[in-house]
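Asker: attaching a predicted model along with its sequence, questions to come.
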Number of protein chains: 2
Amino acid sequence: MGITERKERDKQEMRKNIIDAAISMFLEEGFEKTSIRNIAEKIEYSPATIYLYYKDKDELLYDVQGEAFTQMFELFKKEATSEDPLKRLEQICHSYVRFGINNPEMYDLMFIIKAPMNAVEEKDEWRNSENCFDYLLKCVGECIEKKLIRFEDVSIATLSIWSMGHGLISLDIRCRFKVMNMSDEEISQAITKTINEYLRMIKT
Amino acid sequence: MGITERKERDKQEMRKNIIDAAISMFLEEGFEKTSIRNIAEKIEYSPATIYLYYKDKDELLYDVQGEAFTQMFELFKKEATSEDPLKRLEQICHSYVRFGINNPEMYDLMFIIKAPMNAVEEKDEWRNSENCFDYLLKCVGECIEKKLIRFEDVSIATLSIWSMGHGLISLDIRCRFKVMNMSDEEISQAITKTINEYLRMIKT
DNA sequence: TGAAATTATGAACGCTGTTCATTAAATTTG
DNA sequence: CAAATTTAATGAACAGCGTTCATAATTTCA
């Protein structure tokens, strides 16, 4: 009964095909300008065909989001490898912020827009970000264990660090720092400095 | 020549009419479900009429955003009035976070979505948030002056505090804390605790 | 009162996500 | 191998969106 297996393989392949097309279009044309019709055109299928593999756009975006988190996770594993947990925490933070600033469209999908989270409404759990989140959580846990940071609760510490990073990235991406009347260069430097100041303050 | 003045008054009145309708619809139906056509229907005008007062939706949203910031500014002036700058800073932070959690649709417009910022692209300055931002900036400035917080640079300090608050609010609004597997109640408590921990750490 | 300027609108354009009856292809059965 | 059945793909359509523009209604000015 190898046919049903091959069919399943084909199905997964088609899904990959769709997602890859979506990702490349996000990077080329931006997120907002990418529609189901555009994606269908890119892979040379009818728009209706996409609905044979994804029940709606939100579900498609959910899978794209998963792919994006995999990419960021790989980045973490490459750039945040120090043996010292505190040092590694700093590496993660800077890696995270750099990723956000350099890949605004992907960051959008991962952390800002609502759409992909609608697909999770029912199953009530969001697994896409688990790899990255756990990577941070584990690191923060080690820092607390060795009393390297001024936190006692791992959850609170992780929440704090994540929120600081996300706050900086998302306010920047969405141009809210315009109120500060700084040049792009100044903003970029201020973000880095703010992260460093924060890391300095949470140190024991 | 009172006629041109009255015309100008009428024009402003109509704009107010449009904005008020938009705001009430955001609160009732949510942001995403509110279209130009819906707003036009609500004020009993043709959709095309709105374009006589606003060149596009972004410009309309920009004014709604301005109104929202005025409201939050009033909230700050009411809830953050302590003489002690540090105490006032804490009041602002909690006021800010509470506003965001309780008014997600408005917060969306003010800090998350891209649309209203497109209207600012040309004039290159974003005045809508100035009242609130300056209120925070002034408070932080006093805190630094009196050496109540472990910052030296007012801009960096303000950036840090704002980003922490925004990070918490926006990740919550967009359901990204789902990865933590906590109940709504637990998340709410964790957010408050994270803010308090942060305020504790930046204290001298 | 009639001409000119302003204000309002209905209809249309091109786009969106999505559905569904119909067609084309692949697989199973006789 | 051919016929019947299941699976896959599509074109056309629906209802919605932001926006534009020629036309119509109203108001102002001479």
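Answerer: Sure, I can see it.

Asker: by contact count, what packs against the helix or strand of chain A with the lowest mean pLDDT?
Answerer: Lowest mean confidence among the helices and strands of chain A (mean pLDDT, DSSP states H and E): helix A:2-29, at a mean of 91. Packing partners of helix A:2-29 (3 or more Cβ pairs under 8 Å, 6 or more residues apart in numbering or on different chains; DSSP states H and E): helix A:36-42, helix A:57-79, helix A:104-107. Backbone N, C-alpha and C define where each C-beta goes, glycine included.

Asker: just how off-centre is that helix within its chain?
Answerer: 20 Å (Cα atoms, centre = their mean, to the nearest Å).

Asker: near chain B, anything from stretch A:81-94?
Answerer: No. Using Cβ under 8 Å from any Cβ of the partner chain, stretch A:81-94 stays clear of chain B, coming no nearer than 12.4 Å.

Asker: for stretch A:167-186, same thing?
Answerer: Yes. Counting by Cβ under 8 Å from any Cβ, contacts between stretch A:167-186 and chain B involve A:167-168, A:170-171, A:174-182.

Asker: buried ones among those residues?
Answerer: Among the residues of stretch A:167-186 next to chain B, those buried by neighbour count (16 or more other Cβ atoms under 10 Å in any protein chain shown) are A:167-168, A:170-171, A:174-180.

Asker: mind listing what the residue nearest to the spatial centre of chain A touches?
Answerer: Among the residues of chain A, the one closest to the centroid is residue A:110, at 4.1 Å (Cα atoms, centre = their mean). The neighbourhood of residue A:110, defined by Cβ atoms under 8 Å, 6 or more residues apart in numbering or on different chains, consists of A:65, A:68-69, A:72, A:128-129.

Asker: out of those residues, which comes closest to residue A:4?
Answerer: Ranked by distance to residue A:4 (Cβ to Cβ), these are led by residue A:128 at 28.0 Å.

Asker: nearest residue to that closest one other than its sequence neighbours?
Answerer: Distance criterion Cβ to Cβ, 6 or more residues apart in numbering or on different chains; nearest residue to residue A:128, sequence neighbours excluded, is residue A:66 at 4.6 Å.

Asker: retrieve the pLDDT associated with that neighbour.
Answerer: As predicted, residue A:66 sits at a pLDDT of 98.

Asker: make CSV out of the contacts of residue A:110 and add neighbour count and distance to DNA strand C.
Answerer: CSV is the format used below for the contacts of residue A:110 (neighbours: other Cβ atoms under 10 Å in any protein chain shown; distance: Cβ to the nearest atom of the strand, whole Å):
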residue, neighbour count, distance to DNA strand C
A:65, 24, 15
A:68, 26, 18
A:69, 21, 22
A:72, 21, 24
A:128, 25, 19
A:129, 21, 22
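
Asker: wait, residue A:193 touches residue B:160, no?
Answerer: No. Counting by Cβ atoms under 8 Å, residue A:193 does not reach residue B:160; the two are 9.3 Å apart.

Asker: and which of the buried ones among the residues of stretch A:167-186 next to chain B is nearest residue B:39?
Answerer: Using Cβ to Cβ, these come closest to residue B:39 at residue A:174, 23.3 Å.

Asker: so that closest one sits right up against residue B:112, yeah?
Answerer: Yes. Applying Cβ under 8 Å as the test, residue A:174 and residue B:112 come out as touching, 6.5 Å apart.

Asker: spit out the residues that contact those two alike.
Answerer: With Cβ under 8 Å, 6+ apart as the test, residue A:174 and residue B:112 both reach residue A:112.

Asker: so the residue of chain A found nearest DNA strand D is in which element?
Answerer: Nearest residue of chain A to DNA strand D: residue A:48, at 3.0 Å (Cβ to the nearest atom of the strand). Following DSSP states H and E, one finds residue A:48 within helix A:47-50.

Asker: for residue A:99, which three-state class applies?
Answerer: helix (DSSP: H, G, I helix; E, B strand; the rest coil).

Asker: so what's it up against?
Answerer: Contacts for residue A:99 were tallied using Cβ under 8 Å, 6+ apart; they are A:72, A:75, A:107.
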